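[1] Model the structure of this input:
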Amino acid sequence: MSEILVIKLLRLIILLFITIISHFSYAQITKKVTQKKFEAFKDSIVAIEYPYVLPFWAEKVMDKGYDLPYPGGVGVNYFWQRQDVSLNNLAVSFGDSPEIDLTDLVEFEYVTSTANSFSFRPDIYIFPFLNIYGIVNTVSSYTDVKLSEPFELVVPRVYNEGWGGGFGINLAGGLGPGWVSVVTNFAWTKVKNLERPTQSFVSAVRFGMTKFSANRKGRINFWIGANYQSYISDSRGSYDMLNLIPEDKDKLEDLLDNVLEMLDGLNEKYEEWCEMPVNRPKCELLDPLLEQFKQAIEDKINGIEPPDELRIGYAFNATPKQKWNMLVGMQYHVSQRFQFRGEVGFFGSRRTYLVSANYRFGLKVKKG
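    Next up is the predicted model:
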């Protein structure tokens, strides 16, 4: 399914969701007070004059017996994710050479990205069912890569770090005995090894239930859901090919044999690629680079100090191999002000973990 179709589908879901909310609920995840043992609590909600400017329609909602959260909030999140990545339109350059498209030559057995993120997340309720929020975060990550063509090669782990930011919306409300929420956010992340920021789009749908304590001061939300993630990483950077030279003698000799096969016309994949008329100029540009790389490997074997670096430029488009995964989570409300949350994502090649803490507060007080 293309990203455009997914976005259209999400828009339709949101429209349907707003319709559902208008008939069944106005609150976030908070349920309307209907149980008899909470009648006194319901009466107290109806009797309260809502003291804050936001969210809009708050008093009308409370008159119907809905328990609203404080309108403002700040949160801190820790997020961990591991997933397989597809690299497309790979190209390299060195010196003053033009970019050499290697899309039909280089194949990957795997490209796996692991990322950790700490974020600060302020939010505010505009309407009882609509929350908007911002994100400021730091990111650290590493990527594991193994080539399968034109020969097998495990690339040393690449570490990266950076920072980012973004914004999002959360539509949520009661539906029957439970609740449903749709969260969508857009974010940008700038890391050191890449020249351009990565743009990401994330949307999640959650269906859950709420368990209240006897005095309704605390509660626990449980949910299951699905998460969609897509990002655009039209990335450029540089890499020192000397990092590919291993310390292990046997691996060093295997790498030299593979490079010599390419230069001597014994690598079937490389030869077939070079025989195509469109690729012959590319091979004429690649061969000198392979010669320099071969010399650096031989120097290493012979105990000769290699050059300081053999740097190449690269460009590629990175996308997640799997855009959907499942979610299971819970949130414990210690009180109306403090909440703690945990969530696990799974299915296929993507794994995620999220833990967060949130503090809620009132905003501008109405003046009589």
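[2] So what's the gap between the helix or strand hosting residue 254 and the chain middle?
    Here residue 254, judged by DSSP states H and E, is contained in helix 249-263. Its chain's average C-alpha position is 37 Å from that of helix 249-263, according to Cα atoms, centre = their mean, to the nearest Å.
[3] just checking, next helix/strand downstream of it?
    helix 268-275.
[4] tell me which strands and helices that following helix is in contact with?
    Helices and strands in packing contact with helix 268-275 are listed as helix 280-301; criterion 3 or more Cβ pairs under 8 Å, 6 or more residues apart in numbering; DSSP states H and E. Any C-beta I mention is one placed from the backbone N, CA and C, and that applies to glycine too.
[5] Next secondary structure after the strand or helix carrying residue 138?
    If you go by DSSP H and E, residue 138 is part of strand 130-149. Sequence-wise, the next helix or strand downstream of strand 130-149 (DSSP H and E) is strand 153-175.
[6] where's residue 323 relative to residue 112, distance?
    According to Cβ to Cβ, to the nearest Å, residue 323 stands 16 Å off from residue 112.
[7] Can you give me the buried ones in the one helix or strand residue 87 maps to?
    According to DSSP H and E, residue 87 maps onto strand 72-93. Neighbour counts over strand 72-93 (16 or more other Cβ atoms under 10 Å) mark 72-73, 75, 77, 79, 81, 83, 85, 87, 90-93 as buried.
[8] of the residues you listed, closest to residue 333?
    Residue 333 lies nearest to residue 73 out of the buried residues of strand 72-93, by Cβ to Cβ, at 12.1 Å.
[9] what does the model give that closest one for pLDDT?
    For residue 73, the pLDDT comes out at 96.
[10] contacting residues for it?
    122, 123, 124, 358, 359, 360, 361 (Cβ atoms under 8 Å, 6 or more residues apart in numbering).
[11] In JSON lines, list the residues you listed along with neighbour count.
    Shown next, in JSON lines, are these (neighbours: other Cβ atoms under 10 Å):
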{"residue": "122", "neighbour count": "13"}
{"residue": "123", "neighbour count": "19"}
{"residue": "124", "neighbour count": "15"}
{"residue": "358", "neighbour count": "19"}
{"residue": "359", "neighbour count": "13"}
{"residue": "360", "neighbour count": "19"}
{"residue": "361", "neighbour count": "12"}
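[12] how about those residues in CSV, adding pLDDT and secondary structure?
    Formatted as CSV, these follow (pLDDT from 0 to 100; DSSP: H, G, I helix; E, B strand; the rest coil):
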residue, pLDDT, secondary structure
122, 97, strand
123, 97, strand
124, 96, strand
358, 97, strand
359, 97, strand
360, 95, strand
361, 93, strand
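[13] what's the closest of the residues you listed to residue 300?
    residue 122 (52.1 Å).
[14] What are the buried residues along the strand holding residue 138?
    130, 131, 133, 135, 137, 139, 141, 143, 145, 147, 149.
[15] Can you give me the distance of the residue nearest to the last one when sequence neighbours are not counted to residue 54?
    Closest residue in space to residue 149, ignoring its immediate chain neighbours: residue 107 at 3.8 Å, by Cβ to Cβ, 6 or more residues apart in numbering. For residue 107, the distance to residue 54 (Cβ to Cβ) stands at 54 Å.
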